[in-house]
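Asker: coordinates only, sequence not included:
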């Protein structure tokens, strides 16, 4: 976890606080607005404005960068770790992993890639395994040992793990997977509300910020310029 006081100290000393979001399509989610990356940045700026009493320092200083790629595996992100370092992030939030079994990356290589990614990043790192598929699916059973193995890597002061695969299953999945495709419903990628539930987990676990995704989404639909949460 990184506290608001720690972020405040970085903003005061460096004039900026940069967050990189990296992973696969669950993180890039460039067709979803607001997506969970955007929500995390919005809420963090709001909370830091209240904490500092200075909206310019928070809104100008906190910047989020999307380094996620649709269809990416842990090997793909490892190959691009140096690109992430170019923006000199203070925090990297990773959410990925479920593509590895699809592309025949075995569990031991999956864990090895994660370790190498973490070692390559010059920042505090939050590693999240992937969200489950929105129904009882063989894909969940295929990915489950990967999700478990990734959570068994030892944490340290610069590394935090979040088991979003198991946390997310307690949410109302029937409301979170409603996107339509030509061949039927998309049960892999969470909708706008589903992204708000991802943001709920990240905001609480990483920053200690409480967030009500249902309230936020209702205010967003109602056209509120600054939705409450």
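Answerer: Okay, I see it. These numbers come from a predicted model, not from an experiment.
Asker: can you give me the offset of the lowest-mean-pLDDT helix or strand in the chain from its chain's centre?
Answerer: The helix or strand of the chain with the poorest confidence is strand 184-185; it has a mean of 87 (mean pLDDT, DSSP states H and E). Its chain's C-alpha centre and that of strand 184-185 lie 25 Å apart, by Cα atoms, centre = their mean, to the nearest Å.
Asker: okay, buried residues for whichever helix or strand comes after it please.
Answerer: Downstream of strand 184-185, the first helix or strand assigned by DSSP states H and E is helix 192-207. Neighbour-count burial for helix 192-207, counted by 16 or more other Cβ atoms under 10 Å, picks out 192-203, 205-207. Heads up, the C-betas are built off the backbone N, CA and C, glycines and all.
Asker: so which residue is dead centre in this protein?
Answerer: The residue lying closest to the centre of the chain (Cα atoms, centre = their mean) is residue 95, at 5.0 Å.
Asker: ok, back up a step: which one of the buried residues of helix 192-207 is nearest residue 48?
Answerer: Looking at those and their distance to residue 48, the nearest is residue 207, at 9.6 Å (Cβ to Cβ).
Asker: any idea how far that closest one lies from residue 130?
Answerer: For residue 207, the distance to residue 130 equals 21 Å [Cβ to Cβ, to the nearest Å].
Asker: same check on residue 160?
Answerer: Counting by Cβ to Cβ - residue 160 and residue 130 are separated by 16 Å.
Asker: cool, residue 57 as well?
Answerer: Where residue 130 is concerned, residue 57 sits at a distance of 34 Å (Cβ to Cβ).
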